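K.L.:
okay, predicted coordinates and the sequence, questions at the end:
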Amino acid sequence: MRSPLFRLFLALGMYALVALAQEEKRATHLTISQTNSPLPSSQSPASAAKCAELVKLSLPDVTITSATNTPAGRFTPTGSSNSMETPAFCRVVAVATPTSDSIINFEVWIPPAEHWNHNFVSVGNGGYMGAVSYGALTNALHRGFAAASTDTGHSGEDLKFAAGHPEKTVDWGYRSVHIMTESAKLIIRNYAGLFPQHSYFGGCSTGGEEALSEAQRFPEDYDGVVAGDPGNDRVHLNAGFLWAFAATHDTNGNAILPTSKLPLVNKAALAACDGLDGIKDGIISEPETCHFDPGVLLCKDAENDQCLTTAQIEAVRKVYAGPRNPRTGEQIIAGYSPGSERPVGDDLDGGWKTYITDRKEPMRLGFWQHWVFNDAAWDWRTFDYDRDVAYADAKLAAVNASNPDLSRFRARGGKILMYSGWADPIGPPMDAVNYYKRVENVMGGREETESFFRLFMVPGMSHCRGGPGPNNFGGLSTITSPQISTDPEHDVLSALVQWIEKDSAPNHIIATHLTNGTIDRTRPLCPYPKIAHWNGSGSSDHAKNFTCVELRNATSNRQVKKGAVSTK
């Protein structure tokens with residue numbers, strides 16, 4: 001709730017935020033009103049506080065440690081050896097301490113008035129890495145946005161940072177982004193003289209989860225969010241990592257399914273399902289209709305590199321299936337889709353290699369040891385997929401962003417553009433689909449949901465980028481492919497901006513694939529459950545020869561209903 005003093009501040013248009021903040025110092029953070037009215041005539045944008053003066057600004061639980069004009073040229077962040085080319089901007093460095101155990105660092109970058117597009121964008125994080133995303137900030141600045149990024153309250157990626165520090169899990173889960181957002185808007189107003197016209201959030205992986213968390217928990221923070229490969233049911237995602245490791249290793253941690261056999265499984269999955277869309281192009285475009293059984297690879301005689309043993313087949317089947325509650329039979333999280341085993345072009349994760357097969361212990365084991373059970377010696381073999389999942393959900397609700405009730409976000413005109421790679425070997429693709437379906441159920445069906453929330457599934461894309469399918473379509477994620485174009489048809493963030501500002505919903509987004517820096521394939525991405533259908537003439541490497549159509553029946557491979565939006 002806004003205090004009387006803060007409402008008075010907004011009503012009178014007062015600029016003396018310092019005095020008011022000192023009077024209203026409190027444990028909870030400010031909730032601000034995003035009016036787009038300028039400051040009073042005596043405080044016009046032309047005479048608004050200059051960059052260096054922002055250090056005088058007092059905000060509840062926030063200290064601005066520096067505010068400096070940064071000239072155009074090469075910029076090298078403190079402690080980094082990597083430099084980047086930036087336009088001129090005002091760099092604000094701040095730290096938030098909403099609790100006695102919180103130290104949340106964040107930065108706000110503001111372009112000069114003549115280069116500002118009057119919008120604000122926050123950029124998300126990746127994994128559990130605590131770091132300001134300087135590359136994404138630079139990208140946003142080049143596009144005219146004022147931008148912000150946070151380290152989520154810690155540095156590095158070792159999950160021990162939250163051991164015995166429950167407030168730090170809340171900071172990581174949602175508080176850091178929310179406080180950064182509110183503070184950034186006030187900082188921008190004091191520098192530019194008015195609040196941003198629109199506010200956006202863009203991220204993939206953990207950044208995608210942060211985007212959904214903001215829409216669910218703080219619907220006033222952003223007008224629109226881009227949520228890529230989100231893994232937003234974080235407790236269940238980490239339970240899935242335990243399951244996949246246990247499926248592919250014995251109790252001593254020795255591999256049952258060796259990494260060397262992943263290309264074999266991937267090749268067989270492609271042979272079974274690549275052609276379901278009518279094109280043999282090295283991409284499984286319709287995984288929901290793919291019923292590949294790795295049993296076709298059973299060794300007839302002695303094991304060799306071109307076959308699987310019975311135990312290896314069972315391991316693959318378990319990874320595809322995903323974990324279920326042994327008592328209720330309920331799916332805890334979806335399994336991985338055929339095509340994710342070792343997709344060509346996934347040089348970052350290597351398919352199942354990094355997170356599943358090429359490991360000595362389960363991925364994110366520290367989550368269970370340090371965040372859930374507070375026991376560094378906790379043994380993954382003792383995990384109970386009924387009791388322990390329920391316990392973790394209750395204890396760490398702050399790290400989940402799985403609430404399908406988005407009514408408050410929709411009511412204020414908010415928009416969500418979510419995407420996920422069908423060949424993602426980290427966040428199961430069907431988890432994104434299943435969340436979208438839950439939203440449909442809660443929000444009144446497909447038509448109601450599509451009015452503010454659209455999901456684009458990306459055939460052949462790995463985790464946020466890479467893979468054999470076209471996977472370049474912009475955005476400002478810390479984990480993203482090279483920028484090809486920033487027009488709304490080719491760039492996911494621009495598509496969101498156009499949806500918000502011109503009420504033009506994206507009916508398709510064209511993705512590109514590059515080999516050695518050269519575009520060699522384009523393909524439209526369609527709002528789920530539509531799929532890209534080749535029209536039967538012209539090159540299947542050109543998006544103009546595809547149409548977004550309805551997949552009539554997920555159990556029938558080739559039944560499609562035409563009549564949707566063409567990409568011509």
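P.N.:
Arrived safely.

K.L.:
CA atoms for contacts and neighbours, from now on please.
P.N.:
OK.

K.L.:
pLDDT below threshold where in this structure?
P.N.:
Scanning the chain for pLDDT under 70 picks out 1-49, 477-483, 552-568.

K.L.:
let me see the domain layout of it.
P.N.:
1-196, 236-360, 511-561 (automatic domain parsing).

K.L.:
how far off centre is the second one?
P.N.:
In this view, domain 236-360 has its centroid 23 Å away from the chain centroid, taken as Cα atoms, centre = their mean, to the nearest Å.

K.L.:
end-to-end on it?
P.N.:
21 Å (Cα to Cα, to the nearest Å).

K.L.:
name the SS class of residue 389, please.
P.N.:
helix (DSSP: H, G, I helix; E, B strand; the rest coil).

K.L.:
again, but for residue 65
P.N.:
Under three-state DSSP, residue 65 comes out as strand.

K.L.:
so what's the residue count around it?
P.N.:
12 (other Cα atoms under 10 Å).

K.L.:
one step back: of the domains of the chain, give the one that comes closest to residue 486.
P.N.:
Distance to residue 486, taken as Cα to Cα, is lowest for domain 1-196 among these, at 8.7 Å.

K.L.:
hmm, back to that, with distance to residue 389 as extra columns, can I get the domains of the chain in TSV?
P.N.:
As requested, the domains of the chain are exported to TSV (distance: least, Cα to Cα, whole Å):
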stretch	distance to residue 389
domain 1-196	17
domain 236-360	7
domain 511-561	29
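
K.L.:
indicate which one of the ones you listed is closest to residue 405.
P.N.:
Nearest of the domains of the chain (Cα to Cα): domain 1-196, 17.2 Å.

K.L.:
now for residue 459: which residues touch it?
P.N.:
Residues in contact with residue 459 (Cα atoms under 8 Å, 6 or more residues apart in numbering) are 283-286, 421-423, 469-470.

K.L.:
switch the cut-off to 10 Å
P.N.:
283-287, 339, 420-424, 467-471, 523, 525, 531-532 (Cα atoms under 10 Å, 6 or more residues apart in numbering).

K.L.:
gap between it and residue 243?
P.N.:
Distance from residue 459 to residue 243, counting by Cα to Cα: 25 Å.

K.L.:
got it, and residue 514?
P.N.:
From residue 514 over to residue 243 the distance is 34 Å, taken as Cα to Cα.

K.L.:
before we move on, what about residue 313?
P.N.:
The spacing between residue 313 and residue 243, counted by Cα to Cα, is 16 Å.

K.L.:
report the distance from the longest helix belonging to the chain to the chain centre.
P.N.:
What stands out as the longest helix in the chain, according to DSSP state H, is helix 176-192. Offset of helix 176-192 from its chain centre (Cα atoms, centre = their mean): 21 Å.

K.L.:
and that helix, what does it pack against?
P.N.:
strand 62-70, strand 89-96, strand 104-110, strand 119-123, strand 146-150, strand 198-204, helix 206-217 (3 or more Cα pairs under 10 Å, 6 or more residues apart in numbering; DSSP states H and E).

K.L.:
adding distance to residue 504, write those out as TSV.
P.N.:
Converted to TSV, the helices and strands packed on helix 176-192 look like this (distance: least, Cα to Cα, whole Å):
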stretch	distance to residue 504
strand 62-70	36
strand 89-96	31
strand 104-110	28
strand 119-123	18
strand 146-150	23
strand 198-204	16
helix 206-217	20
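
K.L.:
how far away is residue 449 from residue 439?
P.N.:
7 Å.

K.L.:
indicate which one of the domains of the chain is closest to residue 397.
P.N.:
The nearest among the domains of the chain, by Cα to Cα, is domain 1-196 at 8.6 Å.

K.L.:
contacts only, for the residue nearest to the spatial centre of the chain.
P.N.:
Centroid-nearest residue in the chain: residue 208, 1.7 Å away (criterion: Cα atoms, centre = their mean). By Cα under 10 Å, 6+ apart, residue 208 lies in contact with 123-126, 201-202, 225-232, 401, 418-420, 464, 477.

K.L.:
how about residue 409?
P.N.:
Residues in contact with residue 409 (Cα under 10 Å, 6+ apart) are 214-224, 415-416, 452.

K.L.:
wasn't it part of a helix?
P.N.:
Yes - using three-state DSSP, the assignment for residue 409 is a helix.

K.L.:
thinking again about what came up before, and of the domains of the chain, who's closest to residue 493?
P.N.:
Taking Cα to Cα, domain 1-196 is the member of those nearest to residue 493, at 9.8 Å.

K.L.:
residue ranges of the helices in the stretch 201-350 of the chain, please?
P.N.:
Under the criterion DSSP state H, counting those that start in this stretch, the stretch 201-350 of the chain contains helices at 206-217, 234-248, 262-273, 310-321.

K.L.:
tell me which of the ones you listed sits most buried.
P.N.:
Using mean count of other Cα atoms under 10 Å, the stretch among the helices of the stretch 201-350 of the chain with the largest mean neighbour count is helix 206-217, at a mean of 27.

K.L.:
just the angle between it and strand 198-204, please?
P.N.:
140 degrees (axes from the mean of the first three to the mean of the last three Cα atoms, to 10 degrees).

K.L.:
so residue 318 touches residue 242, yeah?
P.N.:
No - taking contacts as Cα atoms under 10 Å, residue 318 lies outside contact range of residue 242: 11.8 Å.

K.L.:
dump the helices of the stretch 201-350 of the chain to a markdown table, plus distance to residue 94.
P.N.:
Converted to a markdown table, the helices of the stretch 201-350 of the chain look like this (distance: least, Cα to Cα, whole Å):
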| stretch | distance to residue 94 |
| --- | --- |
| helix 206-217 | 20 |
| helix 234-248 | 28 |
| helix 262-273 | 46 |
| helix 310-321 | 43 |
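
K.L.:
which one of the ones you listed lies nearest to residue 390?
P.N.:
Closest approach to residue 390 among the helices of the stretch 201-350 of the chain (Cα to Cα): helix 234-248, 9.4 Å.

K.L.:
what's that closest one packed up against?
P.N.:
helix 310-321, helix 365-366, helix 387-395.

K.L.:
picking up where we left off before, state the distance from the residue nearest to the centre of the chain to residue 231.
P.N.:
Distance of residue 208 to residue 231, given as Cα to Cα: 7 Å.

K.L.:
who touches both of these two?
P.N.:
With Cα under 10 Å, 6+ apart as the test, residue 208 and residue 231 both reach 401, 420.

K.L.:
OK, contacts around the closest residue to residue 110 other than its chain neighbours?
P.N.:
Leaving aside its chain neighbours, residue 110 sits nearest to residue 146 (4.5 Å; criterion: Cα to Cα, 6 or more residues apart in numbering). Going by Cα under 10 Å, 6+ apart, residue 146 touches 89-90, 108-112, 115-122, 137, 140, 184-185, 188, 196, 199.

K.L.:
hey, what's residue 146 bridged with?
P.N.:
Residue 146 has these beta-bridge partners by DSSP bridges: residue 120.

K.L.:
one step back: and the angle from the longest helix of the chain to strand 89-96?
P.N.:
Angle of helix 176-192 versus strand 89-96, following the same axes, to 10 degrees, is 140 degrees.

K.L.:
what number of residues lie near residue 349?
P.N.:
19.

K.L.:
what about the closest residue to residue 342 other than its chain neighbours, distance to residue 257?
P.N.:
Computed as Cα to Cα, 6+ apart, the closest residue to residue 342 that is not its neighbour in sequence is residue 351, at 4.1 Å. Per Cα to Cα, residue 351 is found 13 Å from residue 257.
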